[in-house]
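> The following block contains a protein sequence and its predicted model.
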Amino acid sequence: MKNAFEKKMSQHDVIVLNNAKIRFDSYEDHTFFMTAINQNMTSSIQAKGVILATGRFQGGGLHASRKVIKETIFNLPVFQPEERSLWCDLNFFNPDGHAINQAGIETNEMFQPMDKKTDSQYEHLYAAGSTLAHNDWVRLKSGSGVSCVSAVSAVEHFHDAIKGRHHV
């Protein structure tokens with residue numbers, strides 16, 4: 001699926017930056033300014049929209065310190081258990097799962113990340129995949145499905161927004 005995705009992107013003059021660390025620099029005049037850094041080069045990026053699909057802890061999209069879980073690019077608020085002692089159940093095989101697996105970015109129905117006031121922080125920022133809150137992919141066994149469907153939905157909402165069409 002990854003190879004098919006990258007092939008299709010290259011046909012549309014989209015540059016795929018594999019294994020690049022993305023740094024958010026600023027948001028001005030409805031434009032995101034970011035930097036992509038990998039072993040071979042540093043690239044400046046300007047974009048009208050961003051689909052945040054950075055994964056969870058292993059993918060680097062979320063980072064857990066001793067006390068808090070943070071989103072690593074935009075410093076978005078992360079839904080998480082109130083304290084670290086609540087992250088994991090004492091029973092590793094608890095059929096209800098572990099609270100840490102609910103952690104992630106909360107969004108509105110258009111997959112736009114929401115701050116604590118329930119407002120989107122950036123006009124054309126969307127989140128998809130395992131970085132989404134309340135998505136216990138370990139227990140639900142639907143990680144790829146949630147990732148694909150949320151990504152398609154986020155892209156459709158972004159496309160509609162820049163074309164001036166709004167629907168829910």
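In hand now; what should we look at?
> Quick check: which helices or strands does the lowest-mean-pLDDT helix or strand in the chain pack against?
Using mean pLDDT, DSSP states H and E, helix 137-140 stands out as the lowest-scoring helix or strand of the chain, at a mean of 74. Other elements packing on helix 137-140 under the criterion 3 or more CB pairs under 8 Å, 6 or more residues apart in numbering; DSSP states H and E are helix 143-162. No exception for glycine: its C-beta is placed from N, CA and C like everyone else's.
> For the helix it packs on, buried residues please.
Within helix 143-162, the residues scored as buried using 16 or more other CB atoms under 10 Å are 143, 146-147, 150-151, 153-154, 157-158, 161.
> How about stretch 93-112?
Those would be 98, 100-107, 110-112, for stretch 93-112 by 16+ other CB under 10 Å.
> could the residues you listed go into JSON lines alongside distance to Arg66, secondary structure and pLDDT?
As requested, these are exported to JSON lines (distance: CB to CB, whole Å; DSSP: H, G, I helix; E, B strand; the rest coil; pLDDT from 0 to 100):
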{"residue": "His98", "distance to Arg66": "17", "secondary structure": "coil", "pLDDT": "84"}
{"residue": "Ile100", "distance to Arg66": "14", "secondary structure": "helix", "pLDDT": "83"}
{"residue": "Asn101", "distance to Arg66": "19", "secondary structure": "helix", "pLDDT": "86"}
{"residue": "Gln102", "distance to Arg66": "19", "secondary structure": "helix", "pLDDT": "84"}
{"residue": "Ala103", "distance to Arg66": "15", "secondary structure": "coil", "pLDDT": "88"}
{"residue": "Gly104", "distance to Arg66": "19", "secondary structure": "strand", "pLDDT": "92"}
{"residue": "Ile105", "distance to Arg66": "21", "secondary structure": "strand", "pLDDT": "94"}
{"residue": "Glu106", "distance to Arg66": "23", "secondary structure": "coil", "pLDDT": "93"}
{"residue": "Thr107", "distance to Arg66": "27", "secondary structure": "strand", "pLDDT": "93"}
{"residue": "Met110", "distance to Arg66": "34", "secondary structure": "coil", "pLDDT": "92"}
{"residue": "Phe111", "distance to Arg66": "30", "secondary structure": "coil", "pLDDT": "94"}
{"residue": "Gln112", "distance to Arg66": "30", "secondary structure": "coil", "pLDDT": "94"}
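> biggest separation within the residues you listed, which pair?
Largest separation among these by CB to CB: His98 and Met110, giving 28.7 Å.
> picking that back up, which of the buried residues of stretch 93-112 sits closest to Ile51?
Closest to Ile51, out of all of these and judged by CB to CB, is Phe111, at 8.4 Å.
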